[in-house]
Structures are given as structure tokens and as C-alpha cells.
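Visitor: sequence and predicted structure are below.
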Amino acid sequence: MDAYFLDWANLLMRWLHVITAIAWIGSSFYFVFLDNNLLAPTAEDLKAKGADGAIWSVHGGGFYHMQKYMVSPKGGIDSHLHWFYWESYWTWISGFLLFCVLYLWNAGIFLVDRQVHDWSGTAAGIGAVAFIAAFWFIYDAVCHVFGKGKNGDRVVGLLVILTITITSWIAFHFFSGRAAFLLVGASMATAMSANVFFVIIPGQRKVVAAMTSGQAYNPADYAIYGKRGKQRSVHNTYFTLPVLIAMLSNHYTFIYSSEHRWVLLLLLMLAGALIRQFFVQRHGWKLGRAANPWPFAAIGVVVLLGLIAWIKPAPVAPVAGVPATVDYAQLKPVLEQRCYMCHGDAVQQKGLRFDSEEQVKAHAPDIYQQVVVTKQMPLSNATQMTDAERALLAQWFKGLGK
């Protein structure tokens, strides 16, 4: 019954997380679009109000007139001022709750792979939370210390890439492959939300308060808030697709079970960032402000195609001592020892029972893929299944088609 309620918590938290993430990413993408498509206004009334850019849009049968002001509009703000931040906060809150339900609740199974690092579930859970927090503090320090000066943004960008690279390497040397992918993505996502909470919104509040106070102020005194906010906003833009691929990876065992999975993750993130750059620069290109961005998309696609070729599974080699023909009676002791813990009479993870010959045969292709090809199951090899036992299952599976 506990597993039943845990599944409901998993479903509802995942649902909430997806909803809030869509809202956050959608609004972020929309404002990037606006920044790249707003044109200097030609209407005299907009010029009189000090508008820096404007664009007309049509949606749902109505016309929308978006305007951007770099300073407080002349005449003030005559309607409600909307702040975009709860989408970010609830994305992180729901994501962390989902992480607690999925990973911290069963840390010994989902976070620990004793062939990678032999530690307890409790230690791994504490280590995972500390890992995410450490990434934010290091990333934030890099931005503060190196973000000043003429080439500050470029230096910070290179150091952030280096930080992500080291973070990925460390994650895959302490956590299971599935967890490592998620933790790197969660670390970057935490930085994204923390950027909004600690940097972007506080800075905007100070600038808006000065602009709307009616008192004289020196814009130069507040320029630092705009610069910091813009820097973090740009980082969030390029983090988005890499974070999404890291989060989606836990559904695809062939990705996180790869021998060189930390390099694979970095290349997937690189492809995502390149493709994101294509969409960002595309708006400017259409208006004649930037070069054609097709090389970014082309390189991103080439990276993805290269990864597909690189990690293609090799044919399963025969193992000495394993008979050419294996029946279910020979396979059953292996299933009892290695699989019944999660797929037996007491517990049926994913609704599967391996103490039933009919169910095992019905799900044979999936079992073969998970146990033999990707070696993802048993999860983190918690029951210590041997290569000979995997080969035994492979021979049994091959015999089904005869």
C-alpha cells in the first residue's frame, strides 16, 4: 500500500513539475523572442512616452501591442505591474519534491551504484543535496568574482562551462548513472531558479522602486542590477535545453548506462545549447541584426548523430559455460535470486511479476533490453547479477524466437 501512495505522489508531483516548467520556459522563450524582435517605435505617442521598442502581435482573435521601456514610462505605469517569478519558484519546489519522492526516499536503490562508489543510502542522499547546493555556490561565486570588467561575461561563460564539466565528472564517480544525469540537471536547474530568486528579481525590485518613486535618481547607480540580471538571464536561456535533456534521460537507459556517460551528457548538453543559440539568433537574423544561425543548428545535429553512432550497442558476445539452449526452468533460479525482490509476490515494481512464466515471456524483449543490452537492471545492480547470469537470460531470449 505504501508503494501505491508513493506512485500517486510521484504522478502528482511530476504533473505539477511539468505544468510549472512549461509556464516558466514558455515565458522565458517569449521574452527572448520579444528582445530580439522589438523595433524602435515610429509612432509619435510612443516616442513621447519614451518607448525603446514595440511590436504588434495577433493571437486568439485579438491584437496585442507590446512595448519596452528602458526607463520608467513618462506618465508612469497606469495599470497592474506583473512580475514573472512564481513559475520559476514552483518549478524548483515541485522538482525538489519529486526528487525527494523518487530518489531520496529510496536513496540506497536509486542513488547508489556500489560498482561506482560504495556508500550507504543515507550518505548518498546527503551527498546529493550537498552536491546540488555546492554547484549553486560555486557558480554564483564565479559570476560575482569574474563577471566584472570588459570581458567579464566571456570569462564567466568559459568558467561556467568548466564548472559544469567538472560537476559532471564528479557526479558519475559517486552516483549511479541515472542519478548522475539527474543531479547535474537538477544542479543547473537550481542555479536557474536561484538566479531568479537571489539576483534577477531583487535587482529588478530596486530598479523599479527607483524608477517609480517620483524622485530623481542616477541611472548609473542602478546599472549593475541590470547587468547582473541580464547575465543570469542569458545563462538561464542556454541552460534550458541542457537541463531538459538531463531530466528526460532517466527514461532512456541506453543513455545513462553508457561507459563514457559523463562525456555523453556534456555532448548532449552542448548540442542543446547550440540548437538553443540557433533559435535565439534566428530572430536577429530575420531582422538583419545577426548572421545566419544555421551553423549552430548544423553542428548541434552533427553532435547528436555522432552520439547515436558512438554508443550503438555492440552484439552480445557469448559467455563460456553458458549452454546454447536455455529453458525457463534453468532461468528461474536467476530470477528468484536477482529479480523477485522488486518483481515478485511481495512487490511488483511497474506492475511486473517475474515469478510468473507467462509475464516473463510477455515482457521478454523489454527484460532482454534492460538486463542484457543496457545492463540497467537490476537497478544499480543492487542484487549483484553476474555477466554469466545475463548471458543465460540472453540465450533463453534467443530461444524464444526459434
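Guide: Looks like it arrived, so ask away. Numbers count the residues shown, from 1 in each chain.
Visitor: I'd like to know how far the residue of the chain most remote from its centre sits from Ala51.
Guide: When distances are taken from the C-alpha mean of the chain, Glu44 lies farthest, 45.2 Å away, according to CA atoms, centre = their mean. Per CB to CB, to the nearest Å, Glu44 is found 11 Å from Ala51. To be clear about C-beta, it is placed using only N, CA and C from the backbone, and glycine gets the same treatment.
Visitor: before we move on, what about Tyr85?
Guide: Tyr85 is 24 Å from Ala51, by CB to CB.
Visitor: more neighbours, those two?
Guide: Ala51 (19 against 15; other CB atoms under 10 Å).
Visitor: tell me where the stretch 1-150 of the chain has helices.
Guide: 2-37, 44-49, 86-99, 107-110, 121-146 (DSSP state H, counting those that start in this stretch).
Visitor: and the third one, what's its mean pLDDT?
Guide: This means helix 86-99. Averaging pLDDT along helix 86-99 yields 96.
Visitor: so what's the gap between that helix and the chain middle?
Guide: How far helix 86-99 lies from its chain's middle: 13 Å, per CA atoms, centre = their mean, to the nearest Å.
Visitor: name the residues that touch that helix?
Guide: 10, 13-14, 16-17, 20-21, 23-24, 27, 182, 186, 189-190, 192-193, 196-197 (CB atoms under 8 Å, 6 or more residues apart in numbering).
Visitor: CA atoms only: put it into PDB for me.
Guide: Provided in PDB are the C-alpha atoms of helix 86-99 (Å, rounded to 0.1, in the frame of the first residue of the first chain):
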ATOM      1  CA  TRP A  86       6.400  32.200  -9.400                       C
ATOM      2  CA  GLU A  87       6.700  30.000 -12.500                       C
ATOM      3  CA  SER A  88      10.400  29.600 -11.600                       C
ATOM      4  CA  TYR A  89       9.900  29.100  -7.900                       C
ATOM      5  CA  TRP A  90       7.200  26.400  -8.300                       C
ATOM      6  CA  THR A  91       9.200  24.600 -10.900                       C
ATOM      7  CA  TRP A  92      12.000  24.300  -8.400                       C
ATOM      8  CA  ILE A  93       9.700  23.400  -5.500                       C
ATOM      9  CA  SER A  94       7.800  20.800  -7.400                       C
ATOM     10  CA  GLY A  95      11.100  19.400  -8.900                       C
ATOM     11  CA  PHE A  96      12.700  19.100  -5.400                       C
ATOM     12  CA  LEU A  97       9.600  17.400  -4.000                       C
ATOM     13  CA  LEU A  98       9.700  15.000  -6.900                       C
ATOM     14  CA  PHE A  99      13.400  14.400  -6.300                       C
END
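Visitor: and for Val371, nearest residue in space, chain neighbours not counted?
Guide: With sequence-adjacent residues excluded and distances taken as CB to CB, 6 or more residues apart in numbering, Val371 is closest to Met377, at 5.1 Å.
Visitor: which other helices and strands contact the helix or strand of the chain with the lowest mean pLDDT?
Guide: Counting by mean pLDDT, DSSP states H and E, the chain has its least confident helix or strand at helix 253-256, which shows a mean of 81. Packing contacts for helix 253-256, counted by 3 or more CB pairs under 8 Å, 6 or more residues apart in numbering; DSSP states H and E, involve helix 177-194, helix 261-286.
Visitor: make it 10 Å
Guide: helix 177-194, helix 219-248, helix 261-286 (3 or more CB pairs under 10 Å, 6 or more residues apart in numbering; DSSP states H and E).
Visitor: what pLDDT does Ile25 get?
Guide: At Ile25, the pLDDT recorded in the model is 95.
Visitor: please name the nearest non-neighbouring residue to it.
Guide: Nearest one to Ile25, counting by CB to CB, 6+ apart, is Thr240 at 5.9 Å.
Visitor: wait, isn't that neighbour in contact with Gln277?
Guide: No. In this structure, Thr240 is not within contact of Gln277 by CB atoms under 10 Å, at 11.5 Å.
Visitor: before we move on, back to that, ranking the helices and strands packed on helix 253-256 by burial, who's on top?
Guide: helix 177-194 (a mean of 25; mean count of other CB atoms under 10 Å).
Visitor: that helix vs helix 261-286, what angle?
Guide: 40 degrees (axes from the mean of the first three to the mean of the last three CA atoms, to 10 degrees).
Visitor: tell me the mean pLDDT for helix 177-194?
Guide: The model assigns helix 177-194 a mean pLDDT of 96.
Visitor: from now on call the first residue 46
Guide: Right, with 46 as the first residue, what we last looked at is helix 222-239.
Visitor: for it, name the packing helices and strands.
Guide: Counting by 3+ CB pairs under 10 Å, 6+ apart, helix 222-239 packs on helix 47-82, helix 131-144, helix 152-155, helix 166-191, helix 197-216, helix 264-293, helix 298-301, helix 306-331.
Visitor: state the distance from Leu315 to Arg321.
Guide: Relative to Arg321, and taking CB to CB, Leu315 is found at 11 Å.
Visitor: circling back: wait, which of the helices and strands packed on helix 222-239 is closest to Val348?
Guide: Nearest of the helices and strands packed on helix 222-239 to Val348, taken as CB to CB: helix 306-331 at 4.3 Å.
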